[in-house]
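> pasted the sequence and its predicted model underneath.
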Amino acid sequence: MKTHNRRMMTLGVAICAAGAMALTSCSSDQQSGGETDALEVLSWWTSASEQPALDVLLDGFSAEHEGVNVTNSSVAGGSGSNAQVVLTSRLASGNPPDVWQTLSGGNVEAWVRAASIADVSALYTPEVTDALPDAVVDSMSVDGKQYGVPTGAHRANVLLANTAVLDELGITLPTDDTTLDEFLADIEKVSAAGATPMCLGGKDSFTVAGLFESVLLAHVGQDGWDRISNDRFNWSGDDVQAALADFGTIVDTVDPQSWSMTWDQAATSLAEGDCAFEQMNDSAYAELRAAYPDDAEDIIAVAFPGTSDTFLAVIDTFVQAKGTVNSANATAFQEAILDPTVQSDFSVVKGSIPVRLDADVSELDDEQLESVDAFRELPILQSISYGELVSPAFQQGFFDAVDSFVNSRDASSFAEILVDRVTGDRPGPAG
């Protein structure tokens with residue numbers, strides 16, 4: 001098995017958090033200023049679906065602040081890791097952007113522990129909190145205070161399928177009710193027919209880990225996720241062993257070229273009919289729709305088999321540098337993101353869904369509307385592979401454990417790596 005390259009989306013958070021005691025400039029020492037005419041926003045959104053969506057956020061701010069010069073410091077490449085490298089360097093030198101992109105949960109907490117981001121609890125008025133699910137507010141909070149604002153949600157436990165490939169092979173299309181055993185049987189049928197069952201962006205660690213995460217969720221459900229969150233999960237237990245076995249079966253069917261593909265290249269390969277299935281959060285579907293609308297017509301997105309009773313969320317978030325002189329503009333930008341109209345307009349372009357329950361969803365497509373229903377009706381869980389449920393160190397341990405299993409198929413080493421992270425990574429109180 002080829003070893004895939006590790007994509008360190010957690011790199012900036014981990015380095016800054018680990019060095020917070022030594023790097024006294026990990027957050028700026030400047031005091032917040034009054035009105036200024038500048039705002040710098042750093043993100044990793046540069047793709048066909050991402051850049052126009054970021055423009056919606058920037059335009060939403062600029063419409064109300066015409067005199068402010070907005071600098072879009074998006075960093076392309078590396079599925080976010082390149083942006084994190086740039087961000088880490090700037091934080092270490094005491095010159096952070098005013099606002100930057102991260103993800104919810106453990107990612108936000110890591111920035112708080114590093115004393116790098118500002119408390120924005122004032123934005124969470126009763127009107128805002130009443131319109132947000134408790135799980136979303138909790139994912140922005142550390143010790144009862146809010147430190148980030150969510151742009152929208154993608155569903156991570158998703159299976160994409162090429163209907164043209166499956167129809168040609170005479171295989172029933174998957175639905176939200178498809179079981180994991182039925183899916184495993186279907187990939188065997190695809191393989192037996194001489195076709196490739198799975199595409200995978202194996203060059204990006206979060207996609208490989210995300211596939212295992214969805215298989216694990218199918219085995220342990222919401223109760224297992226609660227135990228992971230509370231450090232009460234047995235990583236050597238029978239459920240994990242069974243999930244690893246099923247994960248190994250799936251990995252054995254991936255396109256051999258997958259280990260050199262990024263997530264978006266794998267999605268393109270699926271759309272071109274090179275494989276029957278791909279597991280990826282539903283931003284992959286949105287990316288195909290934006291970049292290859294004709295090919296995307298053959299693609300459907302359903303809940304990953306065995307996980308239709310939960311919504312495993314990926315919540316993109318913007319945080320504000322602590323002490324930035326442009327704090328007034330940074331706060332106004334974050335406030336604009338929370339506006340329900342901006343959330344609706346953003347979701348139409350990004351292919352995500354609004355996290356505000358009062359946002360207008362009438363312009364979303366059918367796939368998004370199904371996701372809206374799931375988000376509003378099902379338990380919202382945070383993702384391990386996107387660093388939301390766990391700390392950056394544990395997330396990296398999860399990547400390492402999955403990578404080790406893919407190459408060795410040694411289930412015991414998987415558990416050893418994860419147990420080491422559980423016992424060795426206990427955060428203290430926020431600074």
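Noted; the coordinates are in hand. Numbering: from 1, shown residues only.
> gap between residue 387 and residue 260?
Distance of residue 387 to residue 260, given as C-beta to C-beta, to the nearest Å: 24 Å. For every residue, glycine as well, the C-beta is placed using N, CA and C.
> these two: who's more crowded?
Shown here are residue 387 and residue 260; by other C-beta atoms under 10 Å, residue 387 has more neighbours (30 against 13).
> so the more buried one touches residue 399, yeah?
No: counting by C-beta atoms under 8 Å, residue 387 stays clear of residue 399, with 9.9 Å between them.
> where exactly do the strands run in the stretch 301-431 of the chain?
In the stretch 301-431 of the chain, the strands defined using DSSP state E, counting those that start in this stretch lie at 311-320, 380-382.
> pick the most deeply packed of these.
Per-stretch averages of neighbours, counted by mean count of other C-beta atoms under 10 Å, single out strand 311-320 among the strands of the stretch 301-431 of the chain, with a mean of 26.
> circling back to that earlier point, any chance of the strands of the stretch 301-431 of the chain in TSV, plus distance to residue 137 and mean pLDDT?
Converted to TSV, the strands of the stretch 301-431 of the chain look like this (distance: least, C-beta to C-beta, whole Å; pLDDT from 0 to 100):
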stretch	distance to residue 137	mean pLDDT
strand 311-320	11	98
strand 380-382	11	98
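> read off the pLDDT value for the closest residue to residue 234 other than its chain neighbours.
Nearest residue to residue 234, sequence neighbours excluded (C-beta to C-beta, 6 or more residues apart in numbering): residue 240, at 7.3 Å. With respect to pLDDT, residue 240 scores 96.
> which residues sit in contact with the residue nearest the centre of the chain?
With distances taken as C-alpha atoms, centre = their mean, the residue of the chain nearest its centroid is residue 314 (3.9 Å). If you count contacts by C-beta atoms under 8 Å, 6 or more residues apart in numbering, residue 314 has them with 103, 153-156, 281, 283, 383, 386, 388.
> make it 10 Å
Neighbour list for residue 314: 103-104, 152-156, 206, 210, 281-283, 352, 382-383, 385-386, 388 [criterion: C-beta atoms under 10 Å, 6 or more residues apart in numbering].
> distance of it from residue 307?
For residue 314, the distance to residue 307 - C-beta to C-beta - is 14 Å.
> for residue 162, same thing?
20 Å.
> the more surrounded of those two?
Remark: of residue 162 and residue 307, residue 307 carries more neighbours, 27 against 24, as counted by other C-beta under 10 Å.
> how about the more buried one: what's its closest non-neighbour residue?
residue 157 is the one closest to residue 307 (C-beta to C-beta, 6+ apart), at 4.4 Å.
> surely that neighbour touches residue 212?
No: the pair residue 157 and residue 212 does not pass the contact test of C-beta atoms under 10 Å, sitting 11.8 Å apart.
> pull up the overlap in contacts between the two.
With C-beta under 10 Å, 6+ apart as the test, residue 157 and residue 212 both reach residue 279.
> where in this structure is the helix or strand with the lowest mean pLDDT?
Lowest by mean pLDDT, DSSP states H and E among the helices and strands of the chain is helix 11-18, with a mean of 44.
> next secondary structure element downstream of that one?
strand 38-42 (DSSP states H and E).
> mind listing what's buried in that next one?
Across strand 38-42, burial judged by 16 or more other C-beta atoms under 10 Å covers 39-42.
> tell me what that strand is packed against?
Packing partners of strand 38-42 (3 or more C-beta pairs under 10 Å, 6 or more residues apart in numbering; DSSP states H and E): helix 50-62, strand 69-72, helix 81-92, strand 99-103, helix 327-337.
> could you tell me the angle between the helix or strand containing residue 223 and strand 311-320?
Assigned by DSSP H and E, residue 223 falls within helix 205-229. On the basis of axes from the mean of the first three to the mean of the last three C-alpha atoms, to 10 degrees, helix 205-229 is oriented at 100 degrees to strand 311-320.
> could I get the average pLDDT for helix 205-229?
Mean pLDDT, computed over helix 205-229, is 96.
> for stretch 41-52, what is the distance to the chain centroid?
14 Å (C-alpha atoms, centre = their mean, to the nearest Å).
> how about stretch 346-356?
On C-alpha atoms, centre = their mean, the centre of stretch 346-356 falls 14 Å from the chain's centre.
> what does stretch 191-200 give?
The answer for stretch 191-200 is 27 Å, by C-alpha atoms, centre = their mean.
> ok, stretch 173-180 next?
23 Å.
> on that earlier part again, can you list the buried residues in the helix holding residue 223?
Quick answer for helix 205-229 (16+ other C-beta under 10 Å): 205-221, 224-225, 228.
> that one versus helix 81-92: what angle between them?
Relative orientation of helix 205-229 versus helix 81-92 (the same axes, to 10 degrees): 70 degrees.
> downstream neighbour of helix 205-229 in the secondary structure list?
Following helix 205-229 in sequence, per DSSP H and E, is helix 238-251.
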